[in-house]
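[1] Next comes the sequence, and after it the predicted model I'd like to discuss.
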Amino acid sequence: MKRSDEAWAARKVERGDGRACNPETEFRRGFAARDAEVSKLAGQADGWARVSASYAADLKAARAAIDSAAAKAEAHPTDPIICICGSTRFRAEMTEANRSLTMQGHIVLAPGVFGHDGDPLTDAEKVSLDRLHFEKIDLADRVYVVNPGNYIGESTRREIDYARSIDKPVSYSFNPEATQ
């Protein structure tokens, strides 16, 4: 056997098939397979390059948006979050206070259910809503009490006392001096 025939015989055994093939053809097939793999990887790399370029552009745009928002925040600091407290019998007054504070640019947390103004509530729901309102006070930067005619009921008094106990500033729609 010639040297190339010996190599071919050994390769044929390694491949595990009985196909007869010219060693030169097999050699070329090896290159073709390698070239196909390289092309495939190059295509993937090209795809990743496109994804990477797209990601870089998105990242650049996101950074620009963050920088712009930061510049606006420095120019106009975020207005505080305000929690409206007061008797739920003053639905109209609370709604107007909510609207006014919102139009001034504040984030407003306010009662959403008005038990004293006709919204039906069970005792358990009232307790749950009271607890929820204390959580709103926790979230707020300050408290705004809607108290037409200086009226501050028992629940509102507890909310004011709680707000003060956690050092939240409290302001009133009417002068509270008469009730304190």
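    Nice, I can see it. Numbering: from 1, shown residues only.
[2] Can you measure across stretch 83-91, start residue to end residue?
    Stretch 83-91 has an end-to-end distance of 15 Å (C-alpha to C-alpha, to the nearest Å).
[3] What of stretch 113-124?
    End-to-end distance (C-alpha to C-alpha), stretch 113-124: 14 Å.
[4] And for stretch 85-98?
    For stretch 85-98, the end-to-end distance is 11 Å (C-alpha to C-alpha).
[5] got the buried residues for that stretch?
    For stretch 85-98, the neighbour count (16 or more other C-beta atoms under 10 Å) marks Cys85, Gly86, Ser87, Thr88, Arg89, Phe90, Arg91, Glu93, Met94, Ala97, Asn98 as buried. Bear in mind the C-beta positions are built from the backbone N, C-alpha and C, glycine included.
[6] quick one: which of the residues you listed is nearest to His106?
    Set against His106, the nearest of the buried residues of stretch 85-98 by C-beta to C-beta is Asn98 (9.5 Å).
[7] quick one: that closest one and Ile107, what's the gap?
    Distance of Asn98 to Ile107, computed by C-beta to C-beta, to the nearest Å: 11 Å.
[8] go on, Ile152?
    Per C-beta to C-beta, Ile152 is found 24 Å from Ile107.
[9] Throw the buried residues of stretch 85-98 into JSON lines and include secondary structure, thanks.
    Formatted as JSON lines, the buried residues of stretch 85-98 follow (DSSP: H, G, I helix; E, B strand; the rest coil):
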{"residue": "Cys85", "secondary structure": "strand"}
{"residue": "Gly86", "secondary structure": "strand"}
{"residue": "Ser87", "secondary structure": "coil"}
{"residue": "Thr88", "secondary structure": "helix"}
{"residue": "Arg89", "secondary structure": "helix"}
{"residue": "Phe90", "secondary structure": "helix"}
{"residue": "Arg91", "secondary structure": "helix"}
{"residue": "Glu93", "secondary structure": "helix"}
{"residue": "Met94", "secondary structure": "helix"}
{"residue": "Ala97", "secondary structure": "helix"}
{"residue": "Asn98", "secondary structure": "helix"}
